[in-house]
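Novice: Let me see the structure of the following:
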Amino acid sequence: MNASDNAPSSDAERLSQALRDIVDEDRDREDSDGTADPVRMALSLVRKLGVDFVRRYNRLDIDGTADPAIEGPVLFVANHGFGGLFDLNILAIFAALTELGVEQDVVMLTHQSAWTLKVGKYIEPLGARPASRESAEAAFAAGAHVLVLPGGDLDAFKTWSDRNKIVFGGRRGFVRLALDAGVPIVPIVTAGGGESVISLSSGARLARVLGLDKSFRLKAMPITLSFPLGLSVGGAGMLPYVPLPTKLSTSVLPPMTARDEESAEAFGDRIEALMQDKLTAMTENRTAFLG
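Specialist: Numbering: from 1, shown residues only. Take a look at the predicted model:
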């Protein structure tokens, strides 16, 4: 997931309207008989079950050093564990925000491939939107928080040996977005997600050979071992799999703003370095799977 600086401008009006429908209207939508919207209730249940799953199965622990009364809107910036649509880090983030008492809607900027593959509409009710400046600006205008994982597929499909690294690939669109919107950045770091599957290769060269960087804007096609997919190319990155029972730890860091005369690139470097230092500290004495 990443906030793309060059998302198709032709989608701006559609994305903005869709966001306002979800954030402004659907939030308090009720049926004529006064009962809660069943679709929204079902989606809330799905999210709750996912959060309960990582709390129990992955023994999630949360270190929230940020002010629990986070006032919005803010830009949450997080790292990937493994996977795109099916990344345990996403559930860990939701759990952390719930524990911190964040009540505002959170719009999650999601890789465009979800809509290219015709599954985007199924996750839109959960707050997912195509990663673009238009999506984020519409969310901020509606008073919602925005969540972005700037590394996108570069960070999501790392190899096992790089599982404790944060890879943003020089992407700084998220910083410019926050600066232009005048919102603080709240980093969220999760450790352990990269151990949910055995990633043998990121498949970056394969993605280039297949032209996926142009057709789907994917720069990686991971080769993995997972259950029940077994040895697969791209499968565990795009399809559901049974994650290994790795322990997850999530830390919410204090809000960050740019210093006087600090450029967007320098501010982004500082954020990424801080998040990497935190992840390194969280995994320094870590035993794989056990935490």
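Novice: CA atoms of the top strand by length along the chain as CSV?
Specialist: In the chain, assigned by DSSP state E, the strand with the most residues is strand 185-191. Only the C-alpha atoms of strand 185-191 are listed here, as CSV (Å, rounded to 0.1, in the frame of the first residue of the first chain):
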residue,chain,number,x,y,z
ILE,A,185,2.2,11.6,11.2
VAL,A,186,1.8,8.8,13.8
PRO,A,187,4.1,5.9,13.1
ILE,A,188,2.9,2.4,13.9
VAL,A,189,5.5,-0.4,13.9
THR,A,190,4.6,-4.1,14.0
ALA,A,191,7.1,-7.0,14.5
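Novice: so what does that strand touch, helix or strand wise?
Specialist: Here strand 185-191 touches strand 75-78, helix 88-99, helix 173-181, strand 249-252, helix 264-283, going by 3 or more C-beta pairs under 8 Å, 6 or more residues apart in numbering; DSSP states H and E. All C-beta spots, glycine's among them, are computed from the backbone N, C-alpha and C.
Novice: now these as a markdown table including mean pLDDT, mean neighbour count and distance to residue 192?
Specialist: Formatted as a markdown table, the helices and strands packed on strand 185-191 follow (pLDDT from 0 to 100; neighbours: other C-beta atoms under 10 Å; distance: least, C-beta to C-beta, whole Å):
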| stretch | mean pLDDT | mean neighbour count | distance to residue 192 |
| --- | --- | --- | --- |
| strand 75-78 | 96 | 27 | 14 |
| helix 88-99 | 92 | 24 | 8 |
| helix 173-181 | 96 | 21 | 23 |
| strand 249-252 | 96 | 24 | 6 |
| helix 264-283 | 97 | 17 | 8 |
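Novice: between the ones you listed, which one is nearest to residue 112?
Specialist: helix 173-181 (13.6 Å; C-beta to C-beta).
Novice: before we move on, the earlier item: what residues does the longest strand of the chain touch?
Specialist: 66, 70, 74-79, 81, 88-89, 92-93, 96, 164, 166, 174-175, 178, 248-257, 271, 274-275, 278-279, 282-283, 286 (C-beta atoms under 8 Å, 6 or more residues apart in numbering).
Novice: Please consider this matter closed, and thank you.
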